[in-house]
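Chemist: Just the structure for this:
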Amino acid sequence: MALKEVKKWINFRHRLVPYFYHTACQSHQSGIPMIRPLVMEYPKDPIAKTQNLSYMLGDALLISPGFDRDEYELYLPEGRWQDIESKEVYEGMTFVHIENKAFADGGTSLRVFQKEGTSIPLFAQKEVLHVPAQLWKQEDLEFMTFQKKDVD
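Modeler: Residues are numbered from 1 along each chain as shown. Here you go, the predicted model:
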């Protein structure tokens, strides 16, 4: 069970390479790091200033490693956020109760949330054994999109 969970996350990391590349280019041009604390992305949010275990990967993904915590309260900044595994959507500026299950029990201690209104390029291939050395074509990609909710 644990091996299956680890393999799933390794595949996801490899599929994220186009996003990493895009984010690295943005970082090079702007000087803003690829991995940054929540307060850097949300400087006016007083609660974001207190969050030291979660971080932003680019401007679209919020990463929350569980570390050794069985459960904890995760703060989500303004906006709406979608858990990339469960697809559950959460309103921002709130705390979400997170319970971690061990890898051996089919769980993971890593939570990844996508910010509303973002589109993340991924390799379309579900299992990426190695990252291609050559430039990839558009048909090699798919996009993980969390569209803004229409407001009436």
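Chemist: Which phi and psi values does residue 54 adopt?
Modeler: phi -90, psi 160 (degrees, to the nearest 10).
Chemist: Please tell me I have it right and it contacts residue 62.
Modeler: Yes: using Cβ atoms under 8 Å, residue 54 makes contact with residue 62 at a distance of 6.1 Å. In this view, the C-beta of every residue, glycine as well, is placed from N, C-alpha and C.
Chemist: Now the lowest-mean-pLDDT helix or strand in the chain: buried residues?
Modeler: Lowest by mean pLDDT, DSSP states H and E among the helices and strands of the chain is helix 2-15, with a mean of 84. The neighbour-count check on helix 2-15 (16 or more other Cβ atoms under 10 Å) flags 5, 11-12, 14-15 as buried.
Chemist: quick one, which of residue 54 and residue 62 is more surrounded?
Modeler: residue 62 (24 against 19; other Cβ atoms under 10 Å).
Chemist: In a strand, the more buried one, correct?
Modeler: Yes: applying DSSP: H, G, I helix; E, B strand; the rest coil, one finds residue 62 inside a strand.
Chemist: Distance-wise, check it relative to residue 110.
Modeler: Residue 62 sits 12 Å away from residue 110, going by Cβ to Cβ, to the nearest Å.
Chemist: what's the answer for residue 98, then?
Modeler: Distance from residue 98 to residue 110, by Cβ to Cβ: 11 Å.
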